[in-house]
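**Student:** kindly generate the corresponding structure for this input.
(chains A, B, C and D)
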4 protein chains.
Amino acid sequence: MSESTGFTTMARARAEGEAPVIGVGMLGYDFMGKAHTNAYKKIPYMMYPPPAVPKLVGICGRTEEAVAEAKRRYGYDDYYTDWRKMLENDDIQLFDNGGPNNVHAEPCIAAAEAGKHVFCEKPLARTAEEAKLMLDAVEKAGVKHMVAHNYRFVPAIRLAKELIDSGKLGQIYHFRAQYLQEWIMPHYNEKLIWRLRKDIAGSGAIGDLGSHIVDLGHYLVGDYKSISAMTRTFIEERPLPDGSGTGKVDVDDAFVASIEFDNGAIGTLECTRFGAGRKNYQVLEINAEKGRAASTSSWKN
Amino acid sequence: MSESTGFTTMARARAEGEAPVIGVGMLGYDFMGKAHTNAYKKIPYMMYPPPAVPKLVGICGRTEEAVAEAKRRYGYDDYYTDWRKMLENDDIQLFDNGGPNNVHAEPCIAAAEAGKHVFCEKPLARTAEEAKLMLDAVEKAGVKHMVAHNYRFVPAIRLAKELIDSGKLGQIYHFRAQYLQEWIMPHYNEKLIWRLRKDIAGSGAIGDLGSHIVDLGHYLVGDYKSISAMTRTFIEERPLPDGSGTGKVDVDDAFVASIEFDNGAIGTLECTRFGAGRKNYQVLEINAEKGRAASTSSWKN
Amino acid sequence: MSESTGFTTMARARAEGEAPVIGVGMLGYDFMGKAHTNAYKKIPYMMYPPPAVPKLVGICGRTEEAVAEAKRRYGYDDYYTDWRKMLENDDIQLFDNGGPNNVHAEPCIAAAEAGKHVFCEKPLARTAEEAKLMLDAVEKAGVKHMVAHNYRFVPAIRLAKELIDSGKLGQIYHFRAQYLQEWIMPHYNEKLIWRLRKDIAGSGAIGDLGSHIVDLGHYLVGDYKSISAMTRTFIEERPLPDGSGTGKVDVDDAFVASIEFDNGAIGTLECTRFGAGRKNYQVLEINAEKGRAASTSSWKN
Amino acid sequence: MSESTGFTTMARARAEGEAPVIGVGMLGYDFMGKAHTNAYKKIPYMMYPPPAVPKLVGICGRTEEAVAEAKRRYGYDDYYTDWRKMLENDDIQLFDNGGPNNVHAEPCIAAAEAGKHVFCEKPLARTAEEAKLMLDAVEKAGVKHMVAHNYRFVPAIRLAKELIDSGKLGQIYHFRAQYLQEWIMPHYNEKLIWRLRKDIAGSGAIGDLGSHIVDLGHYLVGDYKSISAMTRTFIEERPLPDGSGTGKVDVDDAFVASIEFDNGAIGTLECTRFGAGRKNYQVLEINAEKGRAASTSSWKN
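**Tutor:** Okay, here's the model as predicted:
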C-alpha cells in the first residue's frame, strides 16, 4: 500500500490520449433524470481515465417549461418535448430512459431500432411481455443495453460477489433480502401519484423496490427456479393529485415472497412502502457452507 | 419507584398461608426434562408467593440406568421406565411431556384420560391429526393443558404484546421472524439422530424452530389466513448413530414461508439449521401503523 | 457431535459417589440474596455431577419479619438478625455476603477470621482501603475467596478470553466497554435510596456498574497501568425514602474514563444510570492485531 | 407530501435570474483536491438553484506533471506549482486548501490577506498556535472562512442537531463518539507517509479522525470545558517511502479521551488507525433527559 492507494485510489491516475465522446439523450428530468445526469457529469473525472466522456446532447420531457429548466440546470445542448424527435438527433449514441415505467418500452425499443445504445431505469417494464419486447429489440439491433440496477455496484455487494465466485463461501443455502420504506404510510397523506397507478407504474413495491433485491439475488446466487409471493394494498383509495376526488390504488403496497434457486438455495424477499421506522432500509444476508455474508443498510439511520 | 422495584421486584414479597402442592410426573430426562424440572424447582421461590408448589413425584424414561440417575439428580420421588405405570400414580396431578415428538400424543392423551393436567413440549405433535386428537382429549377430560411455547414469556415479547393489545401500534402491516441455527452444517458431522428422522420428529426445522415463531406470529398478530412455504434438505444422507451405515434424512433442514393473517398483515417466516454464523438466532419485527416493534436475538453473539 | 452434546450438554452426565456438602450462610435476602440463593439451589442438578452440594444453613438480615420470610421462601435452616451470631454456626463453611456495600468489609473479615470461605457481592468494598483489609484477612486465614464478577462467566466473554489467551488475536490495541442503565433518570422519580448514598454504597455507577467492566478489562486484557476519569451527578438532591424531606446525592450518577494497560493497550470505560433508552446495556469491544472481538448486550432490547 | 418531495426534493426547483460566479483556486489535487473539486462541480445542479456557481480558475501542486494532469482532469483554467502565484490571480475569490497540513497555515493566511475567502481542509492546523494565527488573519481580512467538517452535513447529524436545538431531547447527559479505521495495521505494511510525520501532519489520528468527532461534539453539545486524553503509537518505526531505510513515527496511531462540556454533559472520544475490522467506522450517541440520539456508521460494512 502506498500513498496513492486506499482512500486516495485513482487520485493520481494519468490519462493517455483522449477518451471517446459519447452523446447522451435523456428521457426524464425528475428523480432519475437528475441522478443519471449527475453520473454522466462525474464520469470524466471520477472514473479516471474515463472509458468514455459523456456529452449531454438532449433531455426530453412533456412539460416544456420544466424540461427547458432542466436543460439549463444540467447543461444539455438541447431539450425536447417529444422523445421521437430527440431520437432523430445523430449526436446521440446512448439513450437513457429515466422516465416513468409506462414510457420505458416504446422509447427504448425505438431507440434500439435507431441504433442507439439503451440504458433504462428499473423496473425495466410494467410486464414481462413488455420486457421481452425490449430485450428482443436491443438484441436484434445489436446495441449495448443495461438496466439501472445500481446496487450491484455497492462495494459490499461486489465483495459478496467475489467471495461467492471465488468459492470461499462454498455452497449457498440461504438468501434473504428486505427493502423497506415508509413514505406512503397514512401519516404521509400521499396522493394517488403515478407510482401508485398500475397503468403507469405497472406495479408498486414489486417493481420499485423488489426489482433491486430480485436482481441482487440473481446477481449473487443465480437463476431463480420458483417463487411464491403475496401482495397487499393497505390503503386502497387515495386523493387524486388534482383535487378532483379520490381514485383506487391498483398496485401493491408491499409483497412477501418465498424463493428457490436453481442451485438449491432457498430464501425470502420482502419489500414494503409501509415499513414503519424504515426510511430506506435495504439489507441482505447469505448463509453458506463456509460462512455468512451480509450487507447492512447503507444509509445513516 | 421504591427500593423494592426494578431489578429487585418480588424480592420482598410476602406469602400468606400455604400454596397448594401439585404433583408432577415427567416424561423425559434429557434436554427438556432438565429444563422443565429446573423450572419446577424454581417456582416456589422465584415466583413468590407461588401459585402452587410443584412436587417432583415421578420421572420416566426408557433406559433404567439413566432415568434412575435423573431421579437422583433432580430429586424425584420415583422413576419409571413405563409411562403408563407412572400415570397410575395418584400423587401426580400434572403430566409433563418432555420426550421426543413420537411419544407426545399417546402419553398425553392417556394422561388426560387419567384426569391429569397436561403440559407438552413443542412441537405438540408430528402431524396436525395427532395434534387434533390431543386437543380433543384434553378438552373432553376438562383438564388444563399447555404447549411449551416459552418465548411468549420473554419480556420483549410481552411488551410487544402489550403495545399491540393497547392499540398503541395501530394496524399491523408486517410480521417477519427468523430463527436460525447451524448445528447440522457439514463441519459438525452430525449423525442421523432422532431429530432428523420423520418417524420420530415428524419434521425438522419446521417443528423444532418453526413452531416457536409460528406461535409468536399467532400470539402477537392473530390467526393465520394462509401460508405458502418451501422446505429444503441440504444433506440427504447421514451416518447412523450406531455406526451401521448411513440413512436418509427425511425431514426438512430449513424452510421459508410467506404468510398472511386474518387481519390483513403479511409477512415472512424462516428457519434453518444451516444458518452459518448463527448459533441460536431468533429475531422478529413488526411494522405497524404507528410504529415498529422488534425483538433482537437474546443471546450474546 | 452426538445427541448428548450441544444444547443438551451435561443432560446425561453420571455422578460417581456423593458430592461433599458445604454449608452456606447468607447475608442479605433482597436482590443479591435472591440471586445467589438461586445459584446455590441449582448447582446440585445443573452443574452435574456437582463439585459440592450447597446446604442452606442460615440467612441473615436486620428486619426479622422479612428475613423469616426469606428463610421460609428459600428453605434455609435458620434465620438471623445478627451476622455475628450466624458466623458462630459451625455448620456454615461458606459465608456469602449479598448485603449493601457498607456491610461488606466487617462481616467478610469476621467470617475469614472464623475460618469460613468468603464469597462477596461486588463492589467488594466502598474504598480501596476496605478492600485491602478484606484481602489481607482472607489471605491470612487461608480461606477461599471470590468476588461476584458474574460477567466473567458469560459464554461470549469466555470465548473472548480463550481467543486472547491462545494468541489468535495477537497484540491487543484497544478495549472499550460501556455499561448503561437509566433507572434514576428524572422520570423515574427515584428517592435517595442506599445506592445513592456514599456512606452506604461508597460510590454510584462506579461501584455498581463500573466494577463489572473494570473487572472485564482486567480479566481480558490485563493489569491497568493508569486511568483518568470524570464523574458527574446529574441530580444532586432527592427526596428521602421516609418522606421527611430531601437529601444530597453524594455519589456519581455516571463516569467516563480513559485507560491504559501494562501491555500497551488503551481504551475507554463508561457507565451511567442516566443512559436514556438503555435499561441494562453492557457492551465491550477489543481491537487487536489479528482481529476484533465484541460482546453485544445480552438482554433482548 | 407531493410528487416532488421526498426522494425527489429539489428535482423540480426553478431558478430565477443568474447565480453569481465565484472563482476557485485549489491547493492540492490528491484525495481532498479531488473531493472538493467534485463538490464544486456538483453545486450548480445539485443545490438548485445554486447560491453561487463555482468557476474552476486554478489548481496548484508541487509536481508539474501531476498538477497539469489534474487541471485537465477536472477542467481548471490553469495550473500552478507555486500557490503564491495562484493567489495573484484576480479571478480567484475563494481559496480552497486541500493540501497536507503543513501547508495549511501560510497559504490560508496569505489568501486572507489577498482578500480571498478561505475554505480549509481539516485539521485546520498542526498546532493551536497555527490555528489561532489563521483565525486572526481571516477575521482581520473580513473574508468568509470555513473548515471542511463535512460530517456536520450528514442528514442524521442535522436531525440530531434539530432535536437538540428544539429542546425535544432536554438536558444532554452523555456524548460518546468513535471514529475507527485500520489502514496502518501491521498487515497493510504502510510506509512512513506524510500522514505519519509530525512535521507535516502535526498529529496522527487526533487531527485526521479526531478533528471530525471533536467538531461534532462541539456542534451538537456545545463548548468543551475540559478534556483528558491518552495517545498511543503502536508501530514506532516504519520504512521510508523512498526505500532509503526506516524512520520514526512521531504522531499518534490512536487516542482515547474523557471529556466534559460547559453544560455539564460528559463523554468519551476515541479514534484509531488500528481498529481491526473497521474500515471507516464513525458512530456517535447522545443520551439526554428525554431520549437517545445515535448515528450509526454510514458505510455498508
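
**Student:** starting at the chain centroid, how far to the strand or helix carrying A:Val214?
**Tutor:** In the assignment (DSSP states H and E), A:Val214 maps to helix A:211-220. Relative to its chain's centre, helix A:211-220 lies at 11 Å (Cα atoms, centre = their mean, to the nearest Å).

**Student:** average pLDDT for it?
**Tutor:** For helix A:211-220, the mean per-residue pLDDT is 98.

**Student:** can you list contacts of it?
**Tutor:** When contacts are defined by Cβ atoms under 8 Å, 6 or more residues apart in numbering or on different chains, helix A:211-220 is touched by residues A:122-124, A:147, A:149, A:151-152, A:157, A:160-161, A:164, A:175, A:177-179, A:224, A:259, A:261, A:267, A:269, A:271, A:282, A:284, A:286. Bear in mind the C-beta positions are built from the backbone N, C-alpha and C, glycine included.

**Student:** show me which residues of chain A are close to chain B?
**Tutor:** A:171, A:173-174, A:176, A:178, A:180, A:182, A:185-186, A:226, A:228-232, A:234, A:254-260, A:264, A:266-268, A:270, A:272, A:274-278, A:287-292 (Cβ under 8 Å from any Cβ of the partner chain).

**Student:** of these, grab the buried ones for ChimeraX.
**Tutor:** A single ChimeraX command selects the buried members of the residues of chain A next to chain B (16 or more other Cβ atoms under 10 Å in any protein chain shown):
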select /A:173,174,176,178,180,182,185,229,230,231,232,234,254,255,256,257,258,259,260,266,267,268,270,272,274,275,276,278,287,288,289,292
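
**Student:** narrow the residues of chain A next to chain B to those in strands?
**Tutor:** Using DSSP state E, the subset of the residues of chain A next to chain B located in strands is A:173-174, A:176, A:178, A:180, A:226, A:228-232, A:254-260, A:266-268, A:270, A:272, A:287-288, A:291-292.

**Student:** relative to chain D, which residue of the stretch 101-250 of chain A is the closest?
**Tutor:** Closest contact between the stretch 101-250 of chain A and chain D, by Cβ to the nearest Cβ, is at A:Ala156 (3.8 Å).

**Student:** that residue touches A:Leu284, doesn't it?
**Tutor:** No - using Cβ atoms under 8 Å, A:Ala156 is not in contact with A:Leu284, being 9.2 Å away.

**Student:** so what sits against both of these two?
**Tutor:** Common neighbours of A:Ala156 and A:Leu284 (Cβ under 8 Å, 6+ apart) are A:Ser295.

**Student:** show me which of these two is the more surrounded one.
**Tutor:** A:Leu284 (24 against 17; other Cβ atoms under 10 Å in any protein chain shown).

**Student:** run through chain A and note the low-pLDDT ranges.
**Tutor:** Low-confidence segments of chain A, defined by pLDDT under 70: A:1-12, A:297-301.

**Student:** mind redoing it with 90?
**Tutor:** Within chain A, the stretches with pLDDT under 90 are A:1-18, A:155-156, A:295-301.

**Student:** just the residues contacting the longest helix along it, thanks.
**Tutor:** Counting residues, the longest helix found in chain A (DSSP state H) is helix A:31-46. Residues outside helix A:31-46 that contact it (Cβ under 8 Å, 6+ apart): A:10, A:19, A:24, A:26-27, A:50, A:52-54, A:56, A:59, A:61, A:70, A:74-75, A:96, A:98-99, A:119, A:121, A:148, D:7-8, D:11, D:34, D:37-38, D:41-42, D:45-46, D:73-75.

**Student:** what helix or strand does A:Tyr76 sit in?
**Tutor:** A:Tyr76 belongs to no helix or strand, assigned by DSSP H and E.

**Student:** OK, contacts around A:Phe255?
**Tutor:** Contacts for A:Phe255 (Cβ under 8 Å, 6+ apart) come out as A:Ala205, A:Ile206, A:Gly210, A:Ala229, A:Met230, A:Thr231, A:Arg232, A:Leu269, A:Glu270, A:Cys271, A:Thr272, B:Ile266.

**Student:** so what's the nearest residue to it once chain neighbours are set aside up against?
**Tutor:** Among residues not flanking A:Phe255 along the chain, A:Thr231 sits closest, at 4.4 Å (Cβ to Cβ, 6 or more residues apart in numbering or on different chains). Listed by Cβ under 8 Å, 6+ apart, the contact set of A:Thr231 reads A:Gly204, A:Ala205, A:Ile206, A:Asp252, A:Ala254, A:Phe255, B:Ile266.

**Student:** from chain C, how far off is the second one?
**Tutor:** When you say that, I think you mean A:Ala205. In this view, A:Ala205 and chain C are 29 Å apart by Cβ to the nearest Cβ, to the nearest Å.

**Student:** now that residue. Its backbone dihedrals?
**Tutor:** phi -60, psi -30 (degrees, to the nearest 10).

**Student:** confirm for me that it is in contact with A:Asp252.
**Tutor:** Yes - counting by Cβ under 8 Å, A:Ala205 touches A:Asp252, with 5.4 Å between them.

**Student:** of those two, who's got more company?
**Tutor:** A:Ala205 (27 against 24).

**Student:** and the nearest residue to the more buried one once chain neighbours are set aside, what are its bridge partners?
**Tutor:** Once flanking residues are discounted, A:Ala205 sits nearest to A:Cys271: 4.4 Å by Cβ to Cβ, 6+ apart. A:Cys271 forms beta bridges with A:Tyr179, A:Phe255, as assigned by DSSP bridges.

**Student:** ok, A:Cys271 - contacts?
**Tutor:** A:Gln178, A:Tyr179, A:Leu180, A:Ala205, A:Ile206, A:Asp208, A:Leu209, A:Gly210, A:Ile213, A:Ala254, A:Phe255.
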